[in-house]
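Give me the fold of what follows.
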Amino acid sequence: MLDTTEIERDERKAFKLFKASLAAILIVMFASIFIGIAIQNTVLINDIVLERGRSLFQQIVLTRRWAAEYGGVYVRKGPGVESNPYLIHPDLEATDGSILTLRNPSLITREISEIAARQDGGLGDYEGPGRT
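Okay, here's the model as predicted:
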């Protein structure tokens, strides 16, 4: 016949094993949940960043198209604003005597890209491949 202390010892051992197994199952379960949430958050963040980039790029393309429809945009010439040497007659004198210089769509796109790079730490090349 088994001794009661031996039975109690076996029961304690079985209960400890049960608790350890339950703890291991819970740890694996919670770790899986947290890993799943982290993966889902990463995917969602990447989707948001991609959509923001596409939206910004589309805005640049629309700005360039708008400028192209008007043949460029005249801007007031001042410090740091140089005439485009590749245009035949880039400057105009306004009725108030100020000088305006023509910005073609390519230059507008480049300048927007430079402003974005300074402001946001460089979001990329908006001009597209092979364009200068």
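
Flag the helix or strand of the protein with the lowest per-element mean pLDDT.
The weakest-scoring helix or strand in the chain, judged by mean pLDDT, DSSP states H and E, is helix 105-120 (a mean of 85).

Let me know the average pLDDT across the longest helix along the chain.
Ranked by residue count and defined by DSSP state H, the top helix of the chain is helix 4-69. Helix 4-69 carries an average pLDDT of 94.

Buried residues in the following helix or strand past it, which are they?
Using DSSP states H and E, the helix or strand that follows helix 4-69 towards the C-terminus is strand 73-76. Residues of strand 73-76 classed as buried by neighbour count (16 or more other C-beta atoms under 10 Å): 73-74. Yep, even glycine has a C-beta here, placed from its N, CA and C like the rest.

what's the spacing between the residue nearest the centre of the chain and D96?
In the chain, the centroid-proximal residue (C-alpha atoms, centre = their mean) is V49; its distance is 3.7 Å. Using C-beta to C-beta, to the nearest Å, V49 is found at 45 Å from D96.

Same question for I39.
Distance of I39 to D96, computed by C-beta to C-beta: 60 Å.

go on, F57?
37 Å.

swap in R9?
R9 is 101 Å from D96, where distance means C-beta to C-beta.

So for these two, which sits in the more crowded spot?
Counted by other C-beta atoms under 10 Å, R9 and D96 do not tie: R9 has more neighbours, with 11 against 5.

got the contact list for that one?
With contact set as C-beta atoms under 8 Å, 6 or more residues apart in numbering, R9 has no partners.

And the one 5 residues further on, by the same measure?
Under the criterion of C-beta under 8 Å, 6+ apart, the contact list for A14 is empty.
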